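K.L.:
Structure for the following, please:
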Amino acid sequence: MRLHDIAHGRTGDKGDISNISVIAYDPADWELLVRAVTVERVAGHFGAGFASSITRHLLPQLQAMNFVLEGALTGGVTRSLALDAHGKCLASVLLEMEI
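P.N.:
Next up is the predicted model:
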């Protein structure tokens, strides 16, 4: 199964930092998300060197987690020539991860 089968996501950005929220559709899937969607798995999914650091924040009351990816936006919106300088597609990329 892919992550998008049991969760949806949102992204945000501030400078060179992207954050991706992963939110369970069903509270019953929360424990699976906690076990399967780790910092290591997210780093592996995006590939080596994509972000300088990744931090996961758990929000159990919301059955959600937030990943902060530092250095993921190649300098930020005003400094990047990337097609997706805000990183808005990153949630969609993460939701394709096999769990």
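K.L.:
Give me the distance between Val37 and Leu73.
P.N.:
21 Å (Cβ to Cβ, to the nearest Å). In this view, the C-beta of every residue, glycine as well, is placed from N, C-alpha and C.
K.L.:
ok, the two, which is more surrounded?
P.N.:
For Val37 versus Leu73, neighbours defined as other Cβ atoms under 10 Å are more numerous around Leu73 (23 against 20).
K.L.:
unless I'm mixing things up, the more buried one is touching Ile20, no?
P.N.:
No. At 11.9 Å, Leu73 does not count as touching Ile20 under the criterion of Cβ atoms under 8 Å.
K.L.:
for the residue nearest the centre of the chain, what are its contacts?
P.N.:
Most central in the chain under Cα atoms, centre = their mean is Ile20, positioned 3.6 Å from the mean C-alpha point. Counting by Cβ atoms under 8 Å, 6 or more residues apart in numbering, Ile20 makes contact with 9-11, 66-67, 69, 90-91, 94.
K.L.:
Just give the nearest non-adjacent residue to it, would you?
P.N.:
Spatial nearest neighbour of Ile20, chain neighbours left out: Phe67 (4.7 Å); criterion: Cβ to Cβ, 6 or more residues apart in numbering.
K.L.:
The one you found and Cys89: what is the separation?
P.N.:
Phe67 is 15 Å from Cys89, by Cβ to Cβ.
K.L.:
With neighbour numbers in mind, choose between the two.
P.N.:
The neighbour count for Phe67 versus Cys89, taken as other Cβ under 10 Å, is higher for Phe67 (26 against 11).
K.L.:
Buried ones in the lowest-mean-pLDDT helix or strand in the chain, by neighbour count?
P.N.:
Across the helices and strands of the chain, mean confidence by mean pLDDT, DSSP states H and E is lowest for helix 90-95: a mean of 88. Residues 90-91, 94-95 are the ones in helix 90-95 that count as buried (16 or more other Cβ atoms under 10 Å).
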